[in-house]
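Participant: Build me a model from this:
(4 chains)
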Number of protein chains: 4
Amino acid sequence: MGRLAFLGPHATFTEQALRSLPESRGAELVPCAGSPAVLEAVRRGEVDAGCVPIENSVEGAVGAVLDGLVAQPPLVIRREALVAVRFAVMAAAGTDLASVRRVGSHPHAVAQTRGWLARHLPRAEVLLTSSTSEAAAQVARGDLDAAVAAPLAAEQHGLEIVVDDVADNPGAVTRFVLVAPPGPPPEPTGHDRTTFAATTRNEPGSLLGLLTELAVRGIDLTRIESRPIKDRHAEYWFHIDCTGHVADPAMGEALAALHRRCDEVRFLGSFPRAGNGAAPTAPGDPAAPLGAATGSAFAAAQAWLDGLRAGSAS
Amino acid sequence: MGRLAFLGPHATFTEQALRSLPESRGAELVPCAGSPAVLEAVRRGEVDAGCVPIENSVEGAVGAVLDGLVAQPPLVIRREALVAVRFAVMAAAGTDLASVRRVGSHPHAVAQTRGWLARHLPRAEVLLTSSTSEAAAQVARGDLDAAVAAPLAAEQHGLEIVVDDVADNPGAVTRFVLVAPPGPPPEPTGHDRTTFAATTRNEPGSLLGLLTELAVRGIDLTRIESRPIKDRHAEYWFHIDCTGHVADPAMGEALAALHRRCDEVRFLGSFPRAGNGAAPTAPGDPAAPLGAATGSAFAAAQAWLDGLRAGSAS
Amino acid sequence: MGRLAFLGPHATFTEQALRSLPESRGAELVPCAGSPAVLEAVRRGEVDAGCVPIENSVEGAVGAVLDGLVAQPPLVIRREALVAVRFAVMAAAGTDLASVRRVGSHPHAVAQTRGWLARHLPRAEVLLTSSTSEAAAQVARGDLDAAVAAPLAAEQHGLEIVVDDVADNPGAVTRFVLVAPPGPPPEPTGHDRTTFAATTRNEPGSLLGLLTELAVRGIDLTRIESRPIKDRHAEYWFHIDCTGHVADPAMGEALAALHRRCDEVRFLGSFPRAGNGAAPTAPGDPAAPLGAATGSAFAAAQAWLDGLRAGSAS
Amino acid sequence: MGRLAFLGPHATFTEQALRSLPESRGAELVPCAGSPAVLEAVRRGEVDAGCVPIENSVEGAVGAVLDGLVAQPPLVIRREALVAVRFAVMAAAGTDLASVRRVGSHPHAVAQTRGWLARHLPRAEVLLTSSTSEAAAQVARGDLDAAVAAPLAAEQHGLEIVVDDVADNPGAVTRFVLVAPPGPPPEPTGHDRTTFAATTRNEPGSLLGLLTELAVRGIDLTRIESRPIKDRHAEYWFHIDCTGHVADPAMGEALAALHRRCDEVRFLGSFPRAGNGAAPTAPGDPAAPLGAATGSAFAAAQAWLDGLRAGSAS
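Facilitator: Residues are numbered from 1 along each chain as shown, chains lettered A, B, ... in the order given. This is a model prediction of the structure:
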């Protein structure tokens, strides 16, 4: 891919995520100010795809990403990446922690290191910046004494890491997605995720009906969020991640059923799942009594049905 | 159709049901002793089709019909008929009710007129015969004083109706089916019934899963019966009637889903519903929030899905 | 119990079932002509309880038992018994099978030995009697040459068993129930069955809703039958057996939920399950991910809820 | 209530929400830096209750509020308030829009006015502040030329509103909640909301099971969000709002069922719903075929069940 946008500036976790993807090899990486700007650049055709955080982010309101994905014209996710979030306190070479008076970072990074800052820099003023990398840049310019940012930012801005791993909850992982205009989805790998958003009538049981369409076909839901629809009070987009690929018969039948049932469905992509996560449920595993039927079971059932309709068997 | 078997002898309610069907015009009607014999004659190819009672019968154990339908090789229902069951007490011309000492009928007819017999013939001996018509024949031969049978039997055997409408529950209706070897099902009429039987693993929730496959696709279930599987203790065939036709997309998808989910599924036919029954639910009727989606909704959803898979839209 | 009615005459399978129950010790056993007569004798207080076949019977239309149970005033099942159905051909001492010209039995016994009769007595006339035991009595009186009946009938009527085990499907088991006026149910044994009947609005999904009330509380359904309601066309009583006791919290909550949801619910008893059947699902068995919660789980949840309502915890 | 914390500083939308609640009359209002700080002040007993944004906020990461609510020791919501979000651009008296070079606001407010800023202040530098009110304070101190904030902030800081209603999506509403230590919940009003969070085993169908517990009891779900559990990869808290009160029988039974089913359930309060929202569904409304059964239906069902268990009726 030629040009790829990302939530900038350089040296953010999003750039780190993007660089981990094969699509970034040889591509021109274009930083944008804010996730909405990344999506807009893709929609306008200024770039071929864009990378934004979608879950548990430290660098931007994820709600904005969800809302941006369901806007029109359509966009789809083509790839995801998991990045272990690791914050470091960085400063000019030789800086002593005791001398730090002004420390800066992005609001979400501040939220995730609040405990550490309260214990180790209780008297420092905490200033907000538009990204973690921008905080590092301000340290390099002398506007701040220290920054909380990704280790990559120290390297880029010539700073020294004073204390590493300062997150209050070590082990946090952020999920990023590479978004592009619609096109043939990546080939199924047997270890895929499908993302979509749907609205239903605001009625008792309507969400249950939607989820039943998935469960009855053995499709496992891995994330759900309701986002208010901006111009319709008390109505929601349900954002749903589930296991499987649009090319699978079970997923195809489920999506078609949702198309019939829901007011609107936005297909947001089928793509390989990052990480090894939980191993896929083994066939015959009693914890998955139904499991998404395999392609061969679907083919056998369809052949049987075709026979019934033709009168050749029962 | 050339030869049609029915649960005989002549002048039973089953013959009455068969004569109400268009298939009986010009056909040779062949009485058989018992519903199993009817099904066997069809399976052996001795007749083209056979008529048996399937619900609320007065002339034979309906359980035997259900068990016979799931046997192999396969049979399918091609037509159904509803017959209002009307019992009459009949005897030789000039017989006085007070002089009746021995009255005969089929056990199921006796069961449905027991109250009347206790009130009006309290001292008469009640004898069982193999059919209601056979009781009338025995009256004609002088072996019995009176018979409880269909009015048609009086005509056939030269008897006089002494008292008409003696059923304890007037208004009973029996449903009969015309069964044949597999062949292309009758064309959908928009007012059809589909019958099938299925077995599932004997596990909590397995029946619920089966019924959810119907409900999630808006298919209305109208009858269900569990019949023990003869050679497997504590396992059951679930016999199910529902509204719709195997040619409907919703019904086809549901049957294919059951084929994947169940141990065994026996398709037992799609055919026009007899009687006007309950009017089909009107589109948009809030009591049927989902309703079986129409063919056009299915076609639209499939076109959308095809587009997703091809990458042309979302 | 002083007086117990049963589906007579003496020496039927029903008497055999009744004699296997502890309630029959020292009781006067009263034969009645037909299952409806048994239920009526109980309702009129002429006997303390009555024994009738309820499933897979050889001696009477089970539909009549189901219909009779939901009539008013209420009756409840207090006990069940399983009897292995074993048919013998019996005749006067010294009779040769080849000399049998007239063989008699109850219609349901004839149905279950039809194959054997066709192979071994192809030229004999088959006569119907009101019970298997009555056929044996007629052999003893010289009216018939042979009877198909329970071995017990040979003993009672001084006959000789010519051929034993003549059922077409060996291994059949019939379930019988002991029915009485309402009273405190038998103590829970941890291995109980609850039987009830319910009617719902004739609407798509209404049966699914009913079954969901059971499944969501982990209650296992073991039998379901729909019986048309005699005076309401196209409406049904659903007769349901499930595992558990009305005294269990899960079953109590489910029955109360059905009372709110259904048009009518008839509680037909909680009683010990006969036979060892399937062993109760072991705790932690993945095939029963929910299982009916135990009494202690219910008590803990209620204590938690009481705390929430009182404001003492969350 | 004596002391109430809120997401400060003064003149934020959160203060505006808190002032709309009856609890604020005569109370001391204590600004805190960040929603986590508000919750911490309540947990430590430094204040009696605290006000934070929970949905669609302009002033703080709502995820942090959800995560904070499920932490221990327990907190419960006692009241909610809806505030129409209205942004104004404010500056020192006499400022001309064309002269604005540096404009500041909280990152979420910037996100919601990004379109307006791009069109009307394309060349201005946008600076982030820790609250909208802090931006106004910096204008008053001369550090910024203009602020995007609540109109209340102009009044408080002696500024002039240059342009009012600059939100990209006019009509946005934010929901705020008043949180306190556990105590008896507010009396039911017939128009209440219940909020809770639950975790389930990470298995196919586990969320469906959870939602079925609500739906089968007629409880309407109005919001759902999954939040990753910080220290358990791929596991989630489901945050759920539904209609009804813990004192209602249906809601109580549903919460007790979730207590049995889920790994953990955090009850987060029952309280009056703000706004008139959607009118409660009328009794008999076919769109709500089950609806949460009323207290009297619950009482009748319980009386029936008590009778069954005592043996006095069926």
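Participant: quick one: pLDDT of the closest residue to A:Asp145 other than its chain neighbours?
Facilitator: Spatial nearest neighbour of A:Asp145, chain neighbours left out: A:Val100 (4.4 Å); criterion: C-beta to C-beta, 6 or more residues apart in numbering or on different chains. C-beta here means a position set from N, CA and C on the backbone, and glycine is covered the same way. For A:Val100, the model assigns a pLDDT of 96.
Participant: quick one: the lengthiest helix in chain A near chain B?
Facilitator: Criterion DSSP state H: the longest helix present in chain A is helix A:295-310. Yes. Judged by C-beta under 8 Å from any C-beta of the partner chain, helix A:295-310 comes into contact with chain B through A:297-298, A:300-302, A:304-305, A:308-310.
Participant: In the stretch 51-200 of chain A, where is pLDDT below threshold?
Facilitator: A:58-61 (pLDDT under 70).
Participant: all helices for it, in order.
Facilitator: Counting by DSSP state H, counting those that start in this stretch, the segments of the stretch 51-200 of chain A that form helices are A:62-70, A:107-120, A:132-141, A:151-157.
Participant: Can you say which of those is packed in most?
Facilitator: Of all the helices of the stretch 51-200 of chain A, helix A:132-141 has the most neighbours on average by mean count of other C-beta atoms under 10 Å in any protein chain shown, namely a mean of 24.
Participant: If you count contacts, what does that one end up packed against?
Facilitator: Applying 3 or more C-beta pairs under 8 Å, 6 or more residues apart in numbering or on different chains; DSSP states H and E, one finds that helix A:132-141 contacts strand A:88-91, strand A:102-105, strand A:146-149, helix A:151-157.
Participant: Kindly reformat these as CSV containing distance to chain B.
Facilitator: CSV is the format used below for those (distance: least, C-beta to the nearest C-beta, whole Å):
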stretch, distance to chain B
strand A:88-91, 39
strand A:102-105, 36
strand A:146-149, 36
helix A:151-157, 33
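Participant: any idea how far the residue of the stretch 201-314 of chain A found nearest chain B is from A:Gly34?
Facilitator: Nearest residue of the stretch 201-314 of chain A to chain B: A:Gly311, at 3.5 Å (C-beta to the nearest C-beta). According to C-beta to C-beta, to the nearest Å, A:Gly311 and A:Gly34 sit 62 Å apart.
Participant: who's more crowded, these two?
Facilitator: Set side by side, A:Gly311 and A:Gly34 show more neighbours around A:Gly34, with 22 against 14, by other C-beta atoms under 10 Å in any protein chain shown.
Participant: Quick check: that one touching D:Arg114?
Facilitator: Yes. Using C-beta atoms under 8 Å, A:Gly34 is in contact with D:Arg114, at 7.2 Å.
Participant: Surely A:Ala301 and B:Val265 touch.
Facilitator: No. Using C-beta under 8 Å, A:Ala301 is not in contact with B:Val265; the gap is 9.4 Å.
Participant: tell me, what's touching these two both at once?
Facilitator: Common contacts of A:Ala301 and B:Val265 (C-beta atoms under 8 Å, 6 or more residues apart in numbering or on different chains): B:His259.
Participant: Need the residue closest to the centroid of chain A.
Facilitator: Compute the mean C-alpha point of chain A, and by C-alpha atoms, centre = their mean the closest residue is A:Ile54, 2.8 Å away.
Participant: follow-up on the earlier one: shared neighbours of A:Gly34 and D:Arg114, anything?
Facilitator: With C-beta under 8 Å, 6+ apart applied, the contact sets of A:Gly34 and D:Arg114 do not overlap.
Participant: Phi first, then psi, for A:Arg223.
Facilitator: A:Arg223 adopts backbone torsions of phi -160, psi 140, taken as degrees, to the nearest 10.
Participant: With A:Glu46 instead?
Facilitator: Taking degrees, to the nearest 10, you get phi -70, psi -20 for the backbone angles of A:Glu46.
Participant: Chain D versus that one, what's the distance?
Facilitator: Counting by C-beta to the nearest C-beta, to the nearest Å, the separation of A:Glu46 from chain D is 15 Å.
Participant: what's near enough to touch that residue?
Facilitator: A:3, A:5, A:30 are the contacts of A:Glu46 under C-beta under 8 Å, 6+ apart.
Participant: Most neighbours among the residues you listed, which one?
Facilitator: Ranking these using other C-beta under 10 Å puts A:Ala5 first, with 28 neighbours.
Participant: Would you mind giving the secondary structure of it?
Facilitator: Secondary structure, DSSP: H, G, I helix; E, B strand; the rest coil: A:Ala5 is strand.
Participant: Quick one: mean pLDDT for the longest helix of chain A?
Facilitator: Here the average pLDDT along helix A:295-310 is 87.
Participant: what comes into contact with that helix?
Facilitator: Helix A:295-310 is contacted from outside by A:248-250, A:293, A:313-314, B:184-185, B:246-247, B:252, B:255-257, B:259-260, B:267, using C-beta under 8 Å, 6+ apart.
Participant: Could you give me the ChimeraX selection string for whichever of these are buried?
Facilitator: A single ChimeraX command selects the buried members of the contacts of helix A:295-310 (16 or more other C-beta atoms under 10 Å in any protein chain shown):
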select /A:248,249,250,293,314 /B:185,246,247,252,255,256,257,259,260,267
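Participant: Among the contacts of helix A:295-310, which are located in strands?
Facilitator: When DSSP state E defines the strands, the subset of the contacts of helix A:295-310 inside them is B:Phe267.
Participant: who are the neighbours in contact with the residue of the stretch 201-314 of chain A closest to chain B?
Facilitator: The contact partners of A:Gly311, taken as C-beta under 8 Å, 6+ apart, are B:182-185.
Participant: Please repeat the previous calculation with a cut-off of 6 Å.
Facilitator: When contacts are counted by C-beta atoms under 6 Å, 6 or more residues apart in numbering or on different chains, A:Gly311 touches B:182-184.
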